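> quick one, what's the 3D model for this:
(chains A and B)
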Amino acid sequence: DAGVIQSPRHEVTEMGQEVTLRCKPISGHNSLFWYRQTMMRGLELLIYFNNNVPIDDSGMPEDRFSAKMPNASFSTLKIQPSEPRDSAVYFCASSHPGGALHFGNGTRLTVT
Amino acid sequence: KQEVTQIPAALSVPEGENLVLNCSFTDSAIYNLQWFRQDPGKGLTSLLLIQSSQREQTSGRLNASLDKSSGRSTLYIAASQPGDSATYLCAVLTKAGTALIFGKGTTLSVSS
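Residues are numbered from 1 along each chain as shown, chains lettered A, B, ... in the order given. This is a model prediction of the structure:
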């Protein structure tokens, strides 16, 4: 298995632009998670899905953030408009419910 | 609200030393606890998963213990090597189908 695949690996954009991060979970995993990591705050849960349904989005910072999971093999996290404080590493992870969590390599986002 | 704390934040040891990393959590009603390793610029790699009914798990030179009643887990690394240098994160799952709550990690440096 190729593991959790995220794209792009790096994204540099200007304030106000739309950013879309993509994730392909491990086949057969029916839970998918989006986390954000910064030096100050560590790993923060943004949103997670079970069987493609969003379960808890209370970690999404504000309405500028949105996430979708149109099918079991694809999810997106969108930021519109982006701001410099959104700069962070965004991780996608997947698992069976209650099982070991498998992370992608992350997308490093820089908003100037 | 579950909170996970890891002490110390950073640790430096000479090669060959045995060491213990600590993790504490505020709510003892957990489903499982997981230890991860993160190398710079990379995603997290799952090391060990301890179910709530278990006391410990072992993998090679790593041993993780769980004391639910006291809200503590330890990760023991035997005969440390420079290749063990990384950040180690502890995370707890309150129940299946929910999301892991992470500590901020302990950054380990093993010198040769």
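
> around chain A, which positions in chain B sit nearby?
Taking CB under 8 Å from any CB of the partner chain as the measure of proximity, chain B contacts chain A at B:31-32, B:34, B:36, B:42-46, B:49, B:89, B:91, B:93, B:95-105. C-beta coordinates here come from the backbone N, C-alpha and C atoms, glycine included.

> narrow the residues you listed to those that are buried.
B:31-32, B:34, B:36, B:43-44, B:46, B:49, B:89, B:91, B:93, B:98-105 (16 or more other CB atoms under 10 Å in any protein chain shown).

> got a list of what residue 16 touches?
As the question left the chain open, I've gone with chain A. Applying CB atoms under 8 Å, 6 or more residues apart in numbering or on different chains to residue A:16 gives the contacts A:81-82.

> could you do chain B instead?
For residue B:16, the contact set (CB under 8 Å, 6+ apart) comprises B:79-80.

> number of nearby residues for residue B:20?
Residue B:20 has 11 neighbours, counted by other CB atoms under 10 Å in any protein chain shown.

> which parts of the strand or helix carrying it are buried?
Using DSSP states H and E, residue B:20 maps to strand B:19-25. Of the residues in strand B:19-25, B:19, B:21, B:23-25 count as buried by neighbour count, 16+ other CB under 10 Å.

> tell me the one of those nearest chain A?
Closest to chain A out of the buried residues of strand B:19-25 is residue B:23 (13.2 Å), distances taken as CB to the nearest CB.

> any idea how far residue B:63 is from the closest residue to residue B:111 other than its chain neighbours?
Leaving aside its sequence neighbours, residue B:111 sits nearest to residue B:14 (CB to CB, 6 or more residues apart in numbering or on different chains; 5.6 Å). The gap separating residue B:14 from residue B:63 is 20 Å, by CB to CB, to the nearest Å.

> between the two, which is the more surrounded one?
Set residue B:14 next to residue B:63 and count neighbours by other CB under 10 Å: residue B:63 wins out with 16 against 10.
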